[in-house]
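Colleague: What would the 3D arrangement of this be:
(one chain, ligands or ions: 2)
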Amino acid sequence: MPAFAANLSMLFTEADFMDRFRLAREAGFSAVEYLFPYEWPEEDLRHELDSNGLTQVLFNLPPGDWNAGERGIACLPDRVEEFREGVELAIRYARALDCRRVNCLAGIRPDSLEESLAWQTLVDNVTHAAARFEEEGMTLCLEAINSRVDMPGFFLDTSARVMQLIEAVDADNVRLQYDLYHMQIMEGDLIRSVECLLPWIGHIQFADNPGRHEPGTGEINFRNVFAALDRLGYGGWVSAEYRPSHDTAASLDWFRKGA
Ligand SMILES: O=C(O)C(=O)[C@H](O)CO
Ligand SMILES: [Mg+2]
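Modeller: Ligands and ions are numbered 1, 2, ... in the order given. Next up is the predicted model:
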């Protein structure tokens with residue numbers, strides 16, 4: 001079975017955020033991720049990781065105003081300074097949490113923004129972030145997110161688009177974050193895609209589709225997908241990023257039984 005991590009922004013939400021680390025450990029996880037660490041002091045997060053023996057595998061760069069609907073600012077030309085400040089803040093947290101991987105959300109392109117300008121801004125921002133991360137021994141992940149259900153207008157919505165960006169940036173520490181849920185919606189053909197893209201995949205997440213719930217609630221054959229990851233020799237983390245259909249404990253059958 002792959003090495004599984006729990007996404008604390010979606011799992012264990014029955015409890016306050018700081019209590020979710022303990023719940024993840026008690027459920028048998030050795031690693032966690034969550035959307036953003038920035039509203040908590042680094043030392044408090046570090047304490048939860050240490051006292052529960054957990055590894056932090058991923059978080060995201062600051063996304064702009066999340067509550068106002070922003071989903072990253074990397075493609076927005078009038079936000080470059082803010083993006084760069086976010087890179088430095090993320091590095092501070094990554095050092096404190098000993099987290100080697102940070103995801104960059106491309107953002108939603110407003111209709112008024114020309115596609116070529118959004119693309120060039122994204123290439124420049126990712127190039128900058130990758131260079132800073134390289135100095136820190138960190139990997140920059142780029143996630144393709146579905147623009148059909150969850151994030152209409154998201155600028156990077158296919159694996160091909162992310163691969164185009166990885167090629168344009170041409171840095172050794174930039175990788176594709178392959179989320180099985182988003183890719184099932186946009187592309188399907190999951191096992192063959194992972195096989196083709198494997199050398200560029202830096203992180204994997206999953207939820208079933210439709211509904212974005214736990215394995216077994218939808219159409220993805222997780223037993224076969226996880227077996228394929230093993231067969232292909234994928235050595236990275238595979239994070240459970242789903243909304244439990246009832247409560248978290250009841251949603252973890254896939255984990256207890258190995259999908
Ligand atoms: O939504 C997802 O799939 C993610 O992984 C991002 O971290 C946040 O939207
Ligand atoms: Mg994801």
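Colleague: contacts, neighbours, all on C-alpha from now
Modeller: Noted.
Colleague: what's the burial count for residue 244?
Modeller: Neighbour count of residue 244, defined by other CA atoms under 10 Å: 22.
Colleague: Per-residue pLDDT of it, please?
Modeller: pLDDT for residue 244: 98.
Colleague: Report how many residues lie close to residue 35.
Modeller: Residue 35: 16 surrounding residues under other CA under 10 Å.
Colleague: residues in contact with it?
Modeller: 9, 59-60 (CA atoms under 8 Å, 6 or more residues apart in numbering).
Colleague: same thing but 6 Å
Modeller: 59-60 (CA atoms under 6 Å, 6 or more residues apart in numbering).
Colleague: And it, how close does it get to residue 222?
Modeller: Applying CA to CA, to the nearest Å, the value for residue 35 to residue 222 is 23 Å.
Colleague: could you point out where the chain is predicted with low confidence?
Modeller: 258-259 (pLDDT under 70).
Colleague: Could I get the full set of helices for it?
Modeller: Along the chain, counting by DSSP state H, helices occupy 20-27, 42-51, 80-97, 115-136, 159-169, 180-186, 190-197, 222-232, 248-251, 253-256.
Colleague: other SSEs contacting the second one?
Modeller: Spelled out, it's helix 42-51. Helices and strands touching helix 42-51, by 3 or more CA pairs under 6 Å, 6 or more residues apart in numbering; DSSP states H and E: there are none.
Colleague: same thing but at 8 Å, please
Modeller: In terms of contacts (3 or more CA pairs under 8 Å, 6 or more residues apart in numbering; DSSP states H and E), helix 42-51 is packed against helix 20-27, helix 80-97.
Colleague: by how many degrees do the longest one and helix 42-51 diverge?
Modeller: Between the axes of helix 80-97 and helix 42-51, defined by axes from the mean of the first three to the mean of the last three CA atoms, to 10 degrees, the angle is 40 degrees.
Colleague: just checking, what packs against helix 80-97?
Modeller: Contacts defined by 3+ CA pairs under 8 Å, 6+ apart place helix 80-97 against helix 42-51, strand 101-104, helix 115-136.
Colleague: Give the buried residues for the last one.
Modeller: When burial is assessed from 16 or more other CA atoms under 10 Å, helix 115-136 yields the following buried residues: 118-134.
Colleague: again with the first one
Modeller: By neighbour count, and taking 16+ other CA under 10 Å as the criterion, the buried residues in helix 42-51 are 42, 45-46, 48-49.
Colleague: Rebuild those as a markdown table, extending it with distance to residue 207.
Modeller: Below are the buried residues of helix 42-51 laid out as a markdown table (distance: CA to CA, whole Å):
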| residue | distance to residue 207 |
| --- | --- |
| 42 | 28 |
| 45 | 25 |
| 46 | 27 |
| 48 | 25 |
| 49 | 24 |
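Colleague: Looking at those, which one is closest to residue 64?
Modeller: Set against residue 64, the nearest of those by CA to CA is residue 42 (19.7 Å).
Colleague: There's contact between residue 133 and residue 91 in this structure, I believe.
Modeller: Yes - with contacts counted by CA atoms under 8 Å, residue 133 reaches residue 91, the gap being 7.5 Å.
Colleague: The helices and strands packed on helix 80-97 into JSON lines, with extra columns for distance to residue 66?
Modeller: Formatted as JSON lines, those follow (distance: least, CA to CA, whole Å):
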{"stretch": "helix 42-51", "distance to residue 66": "20"}
{"stretch": "strand 101-104", "distance to residue 66": "14"}
{"stretch": "helix 115-136", "distance to residue 66": "19"}
